[in-house]
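Asks: Starting from these lines, generate the structure:
(4 chains)
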Number of protein chains: 2
Amino acid sequence: MATTADRSNTAAPADEAWTLLRTLFGQQRRRFLIAASELDLHPAQAGALLQLATPLPMNELASLLACDNSNVTGLIDRLEARDLVARQPSPYDRRVKHVVLTDAGRDLRARMLERVGQPPPGFERLTPVEHRQLRDVMRKVLADE
Amino acid sequence: MATTADRSNTAAPADEAWTLLRTLFGQQRRRFLIAASELDLHPAQAGALLQLATPLPMNELASLLACDNSNVTGLIDRLEARDLVARQPSPYDRRVKHVVLTDAGRDLRARMLERVGQPPPGFERLTPVEHRQLRDVMRKVLADE
DNA sequence: GCAAAAGCTTGAGGTTGTCAACGATCGATA
DNA sequence: TATCGATCGTTGACAACCTCAAGCTTTTGC
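Replies: Down below sits the predicted model:
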């Protein structure tokens, strides 16, 4: 009778915690989509922009976005056509091109961050102690080893 | 000199916590994309499948996926062509169609959940106390009011 | 009853994403 | 140093995604 997972409040705290986190992911994804459309960006474009805190080889951008290299080519083509990014040849490897934000790109990225970089409303309700607890737990979850 | 946000360890715990959460979101999104492609699903299809724990009007599915109604039509068309879902007319409102998983759909959804429904490796490192802390904090963040 | 609104679909048009193939460049090895 | 294999970015073909405007059916409110 206890072979399968209990769905009642006897559910393991770990499972419930993860389920709650996934709920928050969903909310955050919707926020992201709305923010992107408000700024006239397709989701993929907005995602790329957010990754570009620092110049990145096309290569690496593809792996961060979990998509094919050839996909990034078109993506960057369109961002470049709107003068949001530029391609910069790498001085060390002539095969590589770095994607760099233009001023306009940096600006748009900042406006995107204003919308999705800020925590959701429920977050503000936490006490300082809870904020620290959450920070410490998350540090541990994301620790390299 | 302290006008702009400090990036050092003087950053407010709340800000750092949120940044860490966003990092986890990114990791989870990549897991999701990889899982979907392993199961021969496009990301949007996988997302729709995951939402269908219970039958849902097209309408509601669209709002959960944060996209246009007309988008869901095509999405469900393709899932239906693969016998993963079926359209069921609502008995109460003849405009409404409910999307229901078929057996195959339920199966595929379960396999998807095996991959993204489980917490990431770092999660296992937490102690029972930390799991409970995380659960309680997340409950508070997601509380309705 | 009738007008307004809601639910779903269609069609047009641009974007995303994958795959296979290609030219250019780098690195290692002989 | 010459060459082979791998890597980086691009291109072209093709399917899926996504939005918008327009349309049909059904429901709701007046």
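Asks: Quick check: chain neighbours aside, which residue is closest to A:Leu65?
Replies: A:Gly47 (6.0 Å; C-beta to C-beta, 6 or more residues apart in numbering or on different chains). Backbone N, C-alpha and C define where each C-beta goes, glycine included.
Asks: what secondary structure does the one you found sit in?
Replies: Here A:Gly47 is helix, with the state taken from DSSP: H, G, I helix; E, B strand; the rest coil.
Asks: measure it to DNA strand C for me?
Replies: Per C-beta to the nearest atom of the strand, to the nearest Å, A:Gly47 is found 7 Å from DNA strand C.
Asks: Could you verify my assumption that that residue touches A:Ala66?
Replies: No. A:Gly47 is not in contact with A:Ala66 according to C-beta atoms under 8 Å; the separation is 9.9 Å.
Asks: Go through the helix or strand where A:Arg139 lies and flag the buried ones.
Replies: Element membership for A:Arg139, per DSSP states H and E: helix A:128-142. For helix A:128-142, a neighbour-count test (16 or more other C-beta atoms under 10 Å in any protein chain shown) marks A:130-138, A:140-141 as buried.
Asks: which ones are touching the closest residue to A:Arg109 other than its chain neighbours?
Replies: Among residues not flanking A:Arg109 along the chain, A:Leu49 sits closest, at 4.8 Å (C-beta to C-beta, 6+ apart). A:Leu49 makes contact with A:41, A:79, A:84-85, A:101, A:105, A:108-109, A:112 under the criterion C-beta atoms under 8 Å, 6 or more residues apart in numbering or on different chains.
Asks: Model confidence score at A:Leu49, please.
Replies: In this prediction, A:Leu49 carries a pLDDT score of 96.
Asks: Pull up the gap between it and A:Arg82, please.
Replies: From A:Leu49 across to A:Arg82, the span is 11 Å (C-beta to C-beta, to the nearest Å).
Asks: can you map out the helices along chain A?
Replies: In chain A, the segments counted as helices under DSSP state H are A:13-38, A:43-51, A:58-64, A:69-81, A:103-116, A:121-124, A:128-142.
Asks: could you give the angle of the second one to helix A:103-116?
Replies: Orientation check (axes from the mean of the first three to the mean of the last three C-alpha atoms, to 10 degrees): helix A:43-51 against helix A:103-116 gives 100 degrees.
Asks: any low-confidence regions in chain A?
Replies: Where chain A drops to pLDDT under 70, the residues are A:1-11, A:145.
Asks: What parts of chain A come near DNA strand C?
Replies: Applying C-beta under 7 Å from any atom of the strand, we find that chain A lies next to DNA strand C at A:42-45, A:65-68, A:70-71, A:74-75, A:78, A:93-95.
Asks: right, and out of the residues you listed, which lies closest to chain B?
Replies: A:Ala66 (4.4 Å; C-beta to the nearest C-beta).
Asks: Can you give me every residue that contacts the residue lying closest to A:Val85 once chain neighbours are set aside?
Replies: Leaving out its chain neighbours, the residue that sits closest to A:Val85 by C-beta to C-beta, 6+ apart is A:Leu79, at 4.6 Å. By C-beta under 8 Å, 6+ apart, the contact list for A:Leu79 reads A:45, A:48-49, A:85, A:105.
Asks: Of these, which is the nearest to B:Gly117?
Replies: Using C-beta to C-beta, A:Ala48 comes nearest to B:Gly117 of the contacts of A:Leu79, at 27.8 Å.
Asks: Next, count neighbours for the nearest residue to the closest one once chain neighbours are set aside.
Replies: Spatial nearest neighbour of A:Ala48, chain neighbours left out: A:Leu75 (5.7 Å); criterion: C-beta to C-beta, 6+ apart. Using other C-beta atoms under 10 Å in any protein chain shown as the criterion, A:Leu75 is surrounded by 22 other residues.
Asks: What of A:Glu80?
Replies: The tally of other residues near A:Glu80 (other C-beta under 10 Å) stands at 15.
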